[in-house]
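Asks: Here's my sequence, what's the structure:
(3 chains)
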Amino acid sequence: MTAVNQERSFAAALRYVLRPALLVPVLAVAFAALVGLVLIAMIGVSVPKAVAAFIDGTFGSPFALAASLNRSSVFALVGFGFVLANRANLTNVGGEGQIAVGGIAATAVALYGHVSGFPLGLAFILPMLAAVIAGALWGGLAAVLKVNSGTNEVISTLLLSFIGVWLLYWSVQSPALLRKPMTSSATLPESLEIPDATQLPLLTGDYSFPVHIGLPLTLLLAIVVGVILSRTILGFRLRAVGLNPAAAKRAGVSYARTVIFALSTAGALGGLAGALMLLGEQYTLKDGFSSGYGFDGLVAGLLARGSILGVIAASLLFGFMRSGGINMEMVAAVPTALVVVIQGLIVITLAGANLFIEKWERR
Amino acid sequence: MEAVSPRPAEAVAEPLLALSEVTKRFGNFAALSDVSLDLRPGEVHCILGENGAGKSTLCNLIFGVHRPDGGGMRYQGAPFLPAGPADALRQGIAMVHQHFSLVGDMSVVDNVLLGRERGILDRKGCARQLAKIADQYGLPLDPFAKIEDLSVGERQRVEIVKCLIRDPRLFVLDEPTAVLLPAEISALLDVCRRVAAEGRAVVLVTHKLAEIKQVADRVTVLRGGRTVATSSEPSKDIDALVRAMIQGNVEALDTSAASILGLELVAHVDHEPAAKAGIEALQIDGLTVKDSQGVTRLDNFTLTVDRGEIVGVAGVEGNGQSELTAVLAGMMASTGGRIHLGSTDLTGRSPKEITAAGVGIVPEDRHAVGCVPGMSLAENIYLNRLDEFTRFGFLNRTALEREATTLMQRFDVRARGPGALFSSLSGGNQQKAVLAREITLPNLSCLIAAQPTRGLDVGAVAAVYGHVREACSRGIAVLLVSSEIDELLTVADRIVVLYRGRIMGSCPADPARKDAIGAMMAGQPL
Amino acid sequence: MTLELFAVFLGSSIRLATPLLLAGIGEMVSERAGVLNMSIEGMMLMSAFAAAVGAWGTGDPLIGLLIGIVSVVPVALLQACLSNTLRANQIVSGIGINILVLGATTLAYREIFGARSRAEIPGLAKVKPPLLGDIPTFGPAVFEQVWLLYAGVALIIITALTLRYTSIGLAIHAAGAEPKAADKSGLSVTRIRYGCVVFAGFMASLAGAFLSIGDIHTFTEGMTRGAGYLAIASVIFGKWRIGGTTIACLLFGTATALQFQLPALGVVLPNALLIMLPYLLALLAVSGLVGRQFAPATLGEPYRR
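Replies: Alright, predicted model coming up:
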């Protein structure tokens, strides 16, 4: 290759990297982070100290790193679901509720009878499957409503989120459901801890670096979802229904089946995310279990603009941001709400920049 | 090109609006280049041109919807650059748009009041004003009827009254006759004359030559965004104007294409009767459609189409054609009646089953039902047969694009390549692609085409009907739904007329029967 | 149920329905003009917080209310700019604003009030209307309410009359149903939609202030708890009409009131089920056969000439 050619391909690569679809999200994150720094200064905390605490919480220890990665897996699963449903022009904002019902189902199965004694990993696979099914049903419910009565899925998945979260509250409040037996009046409203065998195996087996098998599972699913969307007739159907439902129907694509597939798959991924949280990190179900992770996953999906790699990048970003934020609150007394502010700013900036990106890409 | 500047004898009337070398670009596409034009009070000035010649863009510049990129406009002797429709309206320019701009679930009065009055509405006063205008121009209207309950002709009247009530100095009508009945068209042209006689300037955009002969004082012809001819004696220069419009020899025009232009050289062309003629292919028996409000949209529609026969369904839009094609395509449920293709019962079948049975459908609304504009040409050209390119759920894009390229060549679909975004194609090429898809179904035995030439230029119209005729000669039964009588007369063997969901009558496609068909379209039985 | 208990139940149903109603009517106007305003939740939260801080800081709930109203103006303008000028996805931008406001108010609350303190905040006065207030039992329990409630009812009536009898009503209807027609009649679709979003923000600010300084006289983090989404659901259930939306809001208010009334009646139901009830009802309401046919034709679509 000649020098000129090399130069040209370098310029082309640079243009590719600097194209707005990539550049704008990076700028949005940078802008939001900058606002975050200003806010830290405004509330009177030393910025270097806060930043040090933030970094310490993300990469400071193997434990922190593992916690961030586990959290990122959860966000990514919800994000994949969002992207998949979004191909069919469906906006799944029900991740929070899908995580909640997934958590309930996983807990119920993990604590049920002799499940913990099952061999071959079934002890943790069965609770995961239960969570997947519960999430799929939760998402599928919104799909059925949409198909049968045209209910906007944004409203239904949002309302289902609230209902799911209160269902979880109910199930840990009621001794008839999952609340652990009350031994004293001080017994917390939470479930029993799930047995060791039902907990997700750690990759290294080392508790100082507790990355569980959720991470490789998420990467595998990233490939599966990516291939479905780009290479299969299923992905084509999602796209056709999303772009023009009437033409898709005329071409023999079933609107109802496609919508139900899309939203229940998104729900299943959300349910699985709930299972990872319960079986991999929290081990007991308690009020506030979903911790807003459903919305973080949604934001990751939005940020990605339809790209699976984008979801992974955004999930990693938010996973580490959450960890950093928690440490910042503990060490530097900066409320974690700061991280929420930064996330909100990222979403708004990107939503606003969409017109610019589209105009640029159309040139 | 003839001189655009007024001749001495005509210089008496000062131009009301003068455009000089106006240019408008959308991206890299020049919709108008260096167009000059002047409009005088008291004249009906026709703008003639094919689809895509820049007629609508010109109107939108005058009305302030778009701003010119070059050149200038003068209105009443002063430089003119309307900031938007509001500004143009304030300065006495009113416009009837090609597509209705009425709010369907509002009453006539409310539509007229929209944007015109501030504060508390005086609906009764407005109704009185409407009655006055109605009398003056012969445009009767029920002021409190909802727009969605009105016929197309009545809606057009509302649009015109909406403009006239503003007492405009310049009145622009962008293809106002495309959807009207013959009788309604002459009434409209009559209104144009009356409005001009009051000393207003009228701009009438059209591609129909008959209208020009009837009403125009002067004509400007646009082609490819440029003025290519002008005339002050249009009825004398008509041949030259047509030649300028389509840049070619009128005699060499395909007859179906000529009919679109309203040229009176149309004679019905008998195509070779196919070998299998006389064998019933499509049988529609008592088909009835009621909508969700219980209103009958299609009433006991019974029709048989033989193999190798082209049957035309004429009628003003909104008389049941959409329902008929939607039911035949499996997109809508019928409430009664049966559909058979040969011995196969197609009643209530899904679109997929109907396609599999060998029925090709060219839907009336290309963008809504016919294609997915956001997908590639290749995906669209095989939209209903992608299963053939799928193995174990995986789509073979290489094979798909290869096959699509073959079809593109066969049907002369021009695009950057099979991967081009469908929405980037011109209307004509999009329609050719849709037609290619439907007409190449492996076991095609019946083709249903609804308004297949809408919005296409002359060349594309000729190509579309060429393919339809070719299919017919292979023994395919063709049902052609169109609101253009001239086209049906040219292409079809037999015509049935739909009026308010019922068949008003049928007759052979003989140009001599045009008046009778027009009468049936207006609801008068034969 | 005794008459007294019933009166209290009725009164608290109306009180709990009020924020939904105020926000719901604002949202309805915005949706009629074609803007799906998901940020109603964030707008309410913003105002609830600002009004609480204002009332606490100045000691005057009226100034608090004004601060609440003013605080929502930038939020509403942001939403209007995103959904009109920048033609952003209205759902995404709305949710983004909700996240931002949740974070910002929580952060500011911690800074101003400290982690767990619950400052006593002066609230808006109650009024006892003549005649109605003198009805035995029902007068005090049902009609003696915060004055903002009555002001809100008056505002809703004015809104209804404006929509029905004035050019503003026509313009809003046209902007949502057929924006091209509005544009070609010389109206600015953008201006109409900006106006409607700001109006929705104003109504949401009253709703938010009612929550914090009208009803419970305190602010808690994320205190709207989805009330904005309930307001959106009530618009759908009410088929984009004032009467229907009002009925839906009263229904959700009643469901919320049950949460406090049923235990008083000795009916033992799981607490979570009662809290969930309004959301469950809202879900049932929007999943009835409403369909799209009542929605403004261009709801959620930015207008482009």
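
Asks: Now do the contacts for residue A:169.
Replies: Neighbour list for residue A:169: A:287, C:272, C:275 [criterion: CB atoms under 8 Å, 6 or more residues apart in numbering or on different chains]. Quick note: C-beta positions are derived from backbone N, CA and C, even for glycine.

Asks: what's the neighbour count on the second one?
Replies: By the criterion of other CB atoms under 10 Å in any protein chain shown, residue C:272 has 21 neighbours.

Asks: Provide a list of residues in contact with the residue of the stretch 101-250 of chain A found nearest chain C.
Replies: Closest contact between the stretch 101-250 of chain A and chain C, by CB to the nearest CB, is at residue A:170 (3.3 Å). Taking CB under 8 Å, 6+ apart as the criterion, residue A:170 is in contact with A:177, C:270, C:271, C:272, C:273, C:276.

Asks: What is the nearest of the contacts of residue A:169 to chain B?
Replies: residue C:275 (37.8 Å).

Asks: ok and the residue in the stretch 201-305 of chain C nearest chain B?
Replies: Nearest residue of the stretch 201-305 of chain C to chain B, counting by CB to the nearest CB: residue C:305, 6.5 Å away.

Asks: separation between that residue and residue A:360?
Replies: Distance of residue C:305 to residue A:360, computed by CB to CB, to the nearest Å: 20 Å.

Asks: top helix in the chain by residue count?
Replies: All of this refers to chain A. helix A:122-149 (DSSP state H).

Asks: Chain C is the one I meant
Replies: Longest helix in chain C, counting by DSSP H: helix C:3-32.

Asks: Sketch out the low-pLDDT regions of the stretch 201-350 of chain A for me.
Replies: Along the stretch 201-350 of chain A, segments meeting pLDDT under 70 are nowhere present.

Asks: which residues in it form helices?
Replies: Assigned by DSSP state H, counting those that start in this stretch, the helices in the stretch 201-350 of chain A fall at A:214-231, A:233-243, A:245-250, A:255-277, A:293-303, A:308-332, A:337-362.

Asks: With mean neighbour count as extra columns, can I get those in TSV?
Replies: As requested, those are exported to TSV (neighbours: other CB atoms under 10 Å in any protein chain shown):
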stretch	mean neighbour count
helix A:214-231	17
helix A:233-243	23
helix A:245-250	23
helix A:255-277	28
helix A:293-303	28
helix A:308-332	22
helix A:337-362	20
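
Asks: right, so of those, which gets closest to residue B:55?
Replies: helix A:337-362 (25.5 Å; CB to CB).

Asks: Tell me who's in contact with the closest residue to residue B:515 other than its chain neighbours.
Replies: Excluding the flanking residues, the one nearest residue B:515 by CB to CB, 6 or more residues apart in numbering or on different chains is residue B:182, at 7.9 Å. For residue B:182, the residues meeting the contact criterion (CB under 8 Å, 6+ apart) are B:485, B:515, B:518, B:521, B:522.

Asks: From those, keep the buried residues only.
Replies: B:485, B:518, B:521, B:522 (16 or more other CB atoms under 10 Å in any protein chain shown).

Asks: In JSON lines, list the residues you listed along with pLDDT.
Replies: Shown next, in JSON lines, are these (pLDDT from 0 to 100):
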{"residue": "B:485", "pLDDT": "83"}
{"residue": "B:518", "pLDDT": "85"}
{"residue": "B:521", "pLDDT": "88"}
{"residue": "B:522", "pLDDT": "83"}
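
Asks: Any figure for the gap between residue A:293 and residue A:72?
Replies: From residue A:293 to residue A:72 the distance is 11 Å (CB to CB).

Asks: same question, residue A:123
Replies: Distance from residue A:123 to residue A:72, counting by CB to CB: 25 Å.

Asks: Which of these two has more residues huddled nearby?
Replies: The residue with more neighbours, out of residue A:123 and residue A:72, is residue A:72; 29 against 22, by other CB under 10 Å.

Asks: wait, that one sits on residue A:314?
Replies: No. Residue A:72 is beyond contact range of residue A:314, at 9.2 Å (criterion: CB atoms under 8 Å).

Asks: Stretch C:244-260 and chain A, are they touching?
Replies: No. Applying CB under 8 Å from any CB of the partner chain, one finds stretch C:244-260 separated from chain A by no less than 11.2 Å.

Asks: sorry, back to before: widest-spaced pair of the buried ones among the contacts of residue B:182?
Replies: The two members of the buried ones among the contacts of residue B:182 with the most space between them (CB to CB) are B:485 and B:522, at 11.7 Å.

Asks: For my notes, confirm residue B:305 occurs in a strand.
Replies: Yes. Residue state for residue B:305 (DSSP: H, G, I helix; E, B strand; the rest coil) corresponds to a strand.
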